[in-house]
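S.K.: Quick one, fold the following:
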Amino acid sequence: MFSSPIVFLGFASIALFAIPFAAGSTSKPVVANGTILGQVLLSPVCPVERNPPDPACAPKPYKTIVSVLKSSNGAVYKKVAASALGRFSISVPAGSYVLRASGAKVYPRCTDTPVKVIANKSVSVKIGCDTGIR
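M.R.: The predicted structure is shown next:
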């Protein structure tokens, strides 16, 4: 390490600053995780909407697979199964992601859902899937 001498009351001294590191370490810095808490919902489930809304026509949970894609390059980071209630939970490093629920070839057609994960926090999301009922 190099530093310049400091003169204090006629005495010369060397100021040294140390930066801790592990010699030969090639590990990446630790990134704290956050948690995505989500639910996948199917709608509409009735061909005609009513006013007031019919509770039997409320969105229904969808059991499927949710892919977590990195926003930066679209690569799949992880996959998680949504339960029979459409719920899922996954821990990922802080950052920006896109959630993609698997649908069938035509319907249901699920909307890609962007999500920003913050370290040591939980974020709640709902993923909507269109049933095609009109």
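S.K.: What is the neighbour count of Arg87?
M.R.: 14 (other CB atoms under 10 Å). For the C-beta atoms, the positions are set from N, CA and C on the backbone; glycine is no exception.
S.K.: Just the pLDDT for it.
M.R.: If you check Arg87, the pLDDT there is 98.
S.K.: cool, Asn51 as well?
M.R.: 82.
S.K.: Just to be sure, it is in a strand?
M.R.: No - under DSSP: H, G, I helix; E, B strand; the rest coil, Asn51 sits outside any strand and is assigned coil.
S.K.: Can you get me a residue count around it?
M.R.: The number of residues near Asn51, taken as other CB under 10 Å, comes to 5.
S.K.: what about it, distance to Pro44?
M.R.: The spacing between Asn51 and Pro44, counted by CB to CB, to the nearest Å, is 14 Å.
S.K.: Same question for Cys110.
M.R.: Using CB to CB, Cys110 is found at 14 Å from Pro44.
S.K.: which one of those two has more residues nearby?
M.R.: Counting neighbours by other CB under 10 Å for Cys110 and for Pro44 shows that Cys110 has the greater number, 22 against 16.
S.K.: No further queries at this time; thank you.
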